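Participant: only the shape, not the letters, is given here:
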């Protein structure tokens, strides 16, 4: 375990401040992150959240922690917005596509897994599904009822926010006040069977049009949206774990209700640190399905998004995201991506240059201080933009060493290489190609060979001309002489 | 839809003969295949089954059918061998690896999905899990009880084979006789609570050591091994569907019991065609985990298996498998793979040669008959070895056309290209690289350039020598002159 693990600070959304991170069990971390609802292909804004938590996971591993990382897949349930309105998105998509709900989820999960590979995200320890944990959800609801914080009405079960507020602080995470919540809406229909506006469904009685229905002690129905996360996080990480993450938009009501469910069933808050990742903006507006201003991660790589006039590589997009702090909003524009592309290339070049540097007797600058600056940035609440600024500083030094303007000792070179490359690959998750794109090199070498061939012919040097002809034949290069010069194409290698 | 869809014959394990395939709904096919039990990494023998059914799926799609392909993931339950002995493999692995059962399944499913990509298998329409369909399993058990074909003992539910045999034919698929089954074992302990040896568990009362326990009308327990397939196949494909496939080793008891469960609950057999894929042998013995003679799909690609002294490409292994009929056993040896590698290369070369052929006014051979021979092979119960033999015939013709020994008309060339390439890529699932491996070509061209450089220097032709130096510099090729000649490596391209 690296010494740096002792000085990690995390901004805790619950306290509103950065504090030293201390895991419940020394050296081990349990982390839960709210994953995608797979009724359609995740858009770039969704991906930003998952890429940011991938970076957090990677850094914790890099520090030497054993991390159990659970990120769920929502494949059932009604999603509730902050006004208490509910939609069964998966059911709606299933009807639209004339398939079973889990066929829809499988289809989009296949795409999501492909995107994870493309954006070089590590698979979590497990991606549990809501439908695979119905019984666990029912058991927690039973506990909440038993503890007096839920009531049954017409085959549904609701969380009793007012009753809960007598003992616990509902609003502890979001800062909302129970009394004020009721005034936020005039939509009385949204209240339905609930006794109080802020109450939320733990179990919903089945509607005739529901495509996913389970048996329960309260009759046929389906789980409320929030209960799956309480069931799966505690199943895999215990009643109290270290870190709970998710998109900023989940803070209320989803995460607030998770806290209420944990306190209401187990008598304790679910985790010690709440982390919220900020949104991706397009022209200053949050990217979202409902706004219609979203694009798909594949569109940007293929260059088919109308927002950009050319494609960008997945590594460049990942780098662009890492240039913003996870708690800041980020505006995605063509200019910003183009700038990131240049920065990414500088890092990538230095990454390979490190392999070629020749060490001197001693270093002309403080390499240890430089390396420390990497960890100081990351230990300050995963400050990747500052890390990248410090990596650019290192890049300048690396280029200076190459040009003999600075010197580095063998020991320092080893240190710089390990840490620079480790942070770039293992923490930022950038896939630096080994610059071994032979086809480009072949193009260039062939430019030279064809020029040579012309010169040799002009000089009537038939020996050399024959050598070139035979060499190209063996290499499987077919040269065609045309009016405006020679062209070539690749064929079969002969020997 | 291709006309060839009318003449497809499938060997039906149930009837023991080949018969014309007729789907229940015109133009549509429902196919269910028993998938992996993910308590460890699937070995090469498991993969053969899945690759064979991938080929079946691909050919049905190629013919123009709309195919719904369901392949389950077993993530719960006790697996029963033909002697009636049960093991909870996932539970055992979970205890060994100190993790939750579904963490184990997730881990190995991640590897399985990677293997599918590596071996170019198409994702099914859905891969449903047993744990995601507990309620559906309970509902079918209830129906079987209701129909009088199951009984409850001590919190478990067993299928009543003798009662069932009064009305239906138990043994219809495997040919086993109920009376003889009891005599197959002397292990009376295996009978447990069962009234009759051949009875099998639909629901098992929970043992204290079980790691996966669900509630049921019969108390806490877990599903029998066979019921999940009945639940998931009928959920996604209806009570009666077209094709049910699986490995030969699943014929008895698993598939026999699936038939009994379908008849016992819905009063009809589950499908019209039963297909069984044969095993992969190593030195004449079936590859299996219990025999210890297995190797992992990755080992053969990486060259780390002790059975082979070098690595083989996934496409070559897939081609090797396609050279055997799915119902034949197949022995995997180094010699056989080496032979397949050559054959694969001939096909791959012809695949690209097809792009370069120049058509003549008319064809000198019967191209339509040749193309028909491809379909005739595949329509004869997916006879891929005959298809490949016919593709080799076509390969000869393609090479003859290239050498101007045969002619082909433009129309026939289009036909041959479409069908040859379609069957190779889309049906056999071979990924033909575009022969564009620039690094090999670059090696060969550089051999020539360095020889030329030596000649030019010997001739003191400084103009040419300078051209070569500048050309290589721009191409980012760094040449090092050493005692025994010059070597080179790739660097950064300069302009």
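Facilitator: Received it, and whenever you're ready, just let me know what you need. Everything numeric in this text was worked out from a predicted model, so none of it was measured.

Participant: after the lengthiest helix in chain A comes which helix or strand?
Facilitator: In chain A, assigned by DSSP state H, the helix with the most residues is helix A:334-356. Sequence-wise, the next helix or strand downstream of helix A:334-356 (DSSP states H and E) is helix A:367-379.

Participant: interface residues of the stretch 51-200 of chain A facing chain B?
Facilitator: Where the stretch 51-200 of chain A comes near chain B, counting by CB under 8 Å from any CB of the partner chain, the residues are A:100, A:102-103, A:106-107, A:110, A:113, A:123, A:125-129, A:131-132, A:134-135. Where C-beta positions appear, they are placed from N, C-alpha and C, glycine not excepted.

Participant: ok, the longest helix of chain A near chain B or not?
Facilitator: Yes - Helix A:334-356 comes into contact with chain B (CB under 8 Å from any CB), by way of A:349, A:352.

Participant: return the set of buried residues in that helix.
Facilitator: Buried residues in helix A:334-356, defined by neighbour count with 16 or more other CB atoms under 10 Å in any protein chain shown: A:337, A:340-341, A:343-344, A:347-354.

Participant: same deal with stretch A:238-252?
Facilitator: Neighbour-count burial for stretch A:238-252 [16+ other CB under 10 Å]: A:239-252.

Participant: for the residues you listed, give me CSV that also has secondary structure.
Facilitator: As requested, those are arranged in CSV below (DSSP: H, G, I helix; E, B strand; the rest coil):
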residue, secondary structure
A:239, coil
A:240, coil
A:241, strand
A:242, strand
A:243, strand
A:244, strand
A:245, strand
A:246, strand
A:247, strand
A:248, helix
A:249, helix
A:250, helix
A:251, helix
A:252, helix
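
Participant: which one of those is nearest to chain B?
Facilitator: Nearest to chain B among those is residue A:241, at 14.0 Å by CB to the nearest CB.

Participant: tell me the contacts of the closest one?
Facilitator: A:24, A:30, A:31, A:32, A:233, A:234, A:270, A:271, A:272 (CB atoms under 8 Å, 6 or more residues apart in numbering or on different chains).

Participant: try it again with 10 Å
Facilitator: Residues near residue A:241 by CB atoms under 10 Å, 6 or more residues apart in numbering or on different chains: A:23-25, A:29-32, A:68, A:70, A:233-234, A:270-273.

Participant: and what of residue A:289?
Facilitator: By CB under 10 Å, 6+ apart, the neighbours of residue A:289 are A:39, A:40, A:42, A:43, A:45, A:46, A:89.

Participant: in this structure the last one contacts residue A:36, no?
Facilitator: No - contact between residue A:89 and residue A:36 fails when scored by CB atoms under 10 Å: they sit 11.2 Å apart.

Participant: so between the two, which is more surrounded?
Facilitator: Comparing residue A:89 with residue A:36 by neighbour count (other CB atoms under 10 Å in any protein chain shown), the higher total belongs to residue A:36, at 23 against 19.

Participant: how confident was the prediction at residue A:85?
Facilitator: Listed pLDDT for residue A:85 reads 64.

Participant: let me fix that, I meant to ask about residue A:495.
Facilitator: So residue A:495 comes in at 55 (pLDDT).

Participant: likewise residue A:10?
Facilitator: 98.

Participant: how about the one 5 residues further on?
Facilitator: We note a pLDDT of 97 for residue A:15 in this prediction.

Participant: now do the one 4 residues further on
Facilitator: Per-residue confidence at residue A:19 stands at 97 (pLDDT).

Participant: check the gap between it and chain B for me.
Facilitator: Applying CB to the nearest CB, to the nearest Å, the value for residue A:19 to chain B is 30 Å.

Participant: who touches that residue in this structure?
Facilitator: With CB under 10 Å, 6+ apart, residue A:19 has these contacts: A:9, A:10, A:11, A:12, A:272, A:273, A:381.

Participant: what pairs with the third one across the strands?
Facilitator: Under the criterion DSSP bridges, residue A:11 forms beta bridges with residue A:18.

Participant: and it, what does it touch?
Facilitator: By CB under 10 Å, 6+ apart, the neighbours of residue A:11 are A:17-19, A:273-276, A:325-327, A:380-382.

Participant: for those, work out which two are farthest apart.
Facilitator: A:274 and A:380 (17.9 Å; CB to CB).

Participant: returning to what we had before: centre of the chain to the longest helix of chain A, how far?
Facilitator: 21 Å (CA atoms, centre = their mean, to the nearest Å).

Participant: for stretch A:396-413, same thing?
Facilitator: 34 Å.

Participant: list the buried residues in that stretch.
Facilitator: A:397, A:398, A:401, A:402, A:406, A:407, A:408, A:412, A:413.

Participant: pull up the distance across that stretch, start to finish.
Facilitator: One end of stretch A:396-413 to the other measures 14 Å (CA to CA, to the nearest Å).

Participant: what residues does the stretch 251-400 of chain A have near chain B?
Facilitator: A:349, A:352, A:353, A:356 (CB under 10 Å from any CB of the partner chain).

Participant: swap in 7 Å and give it another go.
Facilitator: Residues of the stretch 251-400 of chain A lying near chain B by CB under 7 Å from any CB of the partner chain: none.
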